[in-house]
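Colleague: Turn this into a structure:
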Amino acid sequence: MYREIIRKQGLAAIEHYPAITDQQLETIYDYLTKRLGDTQILQYKVFLDIMLHFGRRGRENLAQLTRDDFVVMNGDGGLFVYKTGSDRCPIRSFVKLIRRLNPHCPRLFQQPRTSPKDGVYFNNIAVGHNGLGQFMQTISKISGISTIYTNHSCRATTVSVLDAAQIPSRHIMSVTGHKAESSLKTYSGRTDEKTKKIMSEKISEKIREKNLCNL
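Modeller: Reported below is the predicted structural model:
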């Protein structure tokens, strides 16, 4: 009980999960996108898209997600994922997955069939909580990257990418569900080279004379 109170007060040690590096994320998406004809790979791709775009925690309610929790539409309201027009487009992959799902199972993540039957590629069985919890580790292994990530690293990646893009903390929090800006520091405490350059340029602009300085 005391450990729970400490955790809620923010006094407990925080377990840090590494963000997926740019190079390894590129390797992962390159591997998945080239194999979207494989139903299991397609499922992994949609899983990763959802984890990154919505900044979800490890296994947070993943097993309870249904196809009706998502809507493909034009308009405003809620959290949006937009078309990119590329082979990696998250909307294109999502729609492809939806069309392959078993209509008798409401869950978004279903167990793939060994071979499709009557246009249905999944069994009337949902992937369980523990199974979904292993997805990122499996994706890491099959894509051949050197680091085996867990689902938690997806959320860290979301924060890291948005923070590096100078997105204000309040907007990042609207995606990830963090309650306080201080919580984001767990993921975004490192200042990347792009940001360092911008900071340097801004300071230089402020103190620079009209004439160029010669060193």
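Colleague: okay, CA-based contacts and neighbour counts for the rest of this
Modeller: OK.
Colleague: Flag the shaky bits of the chain, pLDDT-wise.
Modeller: 1-16, 56-60, 73-82, 169, 174, 176-192, 194-196, 199, 203-204, 206-215 (pLDDT under 70).
Colleague: Going along the chain, name the helices of it.
Modeller: Counting by DSSP state H, the segments of the chain that form helices are 2-8, 22-33, 39-54, 90-100, 129-133, 135-143, 152-164, 169-176, 181-188, 193-207.
Colleague: Adding mean neighbour count as columns, could you present those helices in CSV?
Modeller: Shown next, in CSV, are those (neighbours: other CA atoms under 10 Å):
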stretch, mean neighbour count
helix 2-8, 10
helix 22-33, 16
helix 39-54, 21
helix 90-100, 17
helix 129-133, 15
helix 135-143, 17
helix 152-164, 22
helix 169-176, 17
helix 181-188, 16
helix 193-207, 11
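Colleague: Export these as TSV, with columns for distance to Arg107.
Modeller: Formatted as TSV, those follow (distance: least, CA to CA, whole Å):
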stretch	distance to Arg107
helix 2-8	32
helix 22-33	22
helix 39-54	12
helix 90-100	10
helix 129-133	12
helix 135-143	16
helix 152-164	21
helix 169-176	22
helix 181-188	30
helix 193-207	41
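Colleague: among these, which is nearest Gly119?
Modeller: helix 90-100 (6.8 Å; CA to CA).
Colleague: now the closest one and helix 22-33, what's the angle there?
Modeller: Counting by axes from the mean of the first three to the mean of the last three CA atoms, to 10 degrees, helix 90-100 lies at 30 degrees to helix 22-33.
Colleague: Quick one, which of the helices of the chain gets closest to Phe109.
Modeller: helix 39-54 (7.4 Å).
Colleague: who's in contact with the closest one?
Modeller: 29, 32-33, 35-36, 56-57, 79, 81, 90, 93-94, 97, 109, 112, 121, 135-136, 139, 151, 154-155, 157-158, 175-176 (CA atoms under 8 Å, 6 or more residues apart in numbering).
Colleague: hey, C-alpha coordinates of that helix in CSV?
Modeller: Taking C-alpha atoms only, helix 39-54 is exported to CSV below (Å, rounded to 0.1, in the frame of the first residue of the first chain):
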residue,chain,number,x,y,z
THR,A,39,-1.8,-10.6,-42.5
GLN,A,40,0.3,-10.9,-39.4
ILE,A,41,2.7,-8.3,-40.6
LEU,A,42,-0.2,-6.0,-41.5
GLN,A,43,-1.6,-6.4,-38.0
TYR,A,44,1.9,-5.5,-36.5
LYS,A,45,2.0,-2.4,-38.8
VAL,A,46,-1.4,-1.1,-37.7
PHE,A,47,-0.5,-1.9,-34.0
LEU,A,48,2.6,0.2,-34.3
ASP,A,49,0.8,3.1,-36.1
ILE,A,50,-1.8,3.2,-33.3
MET,A,51,0.8,3.1,-30.6
LEU,A,52,2.9,5.9,-32.1
HIS,A,53,0.0,8.2,-33.3
PHE,A,54,-2.0,8.0,-30.1
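Colleague: and of the helices of the chain, who's closest to Val72?
Modeller: Judging those by CA to CA, what sits closest to Val72 is helix 90-100, at 7.7 Å.
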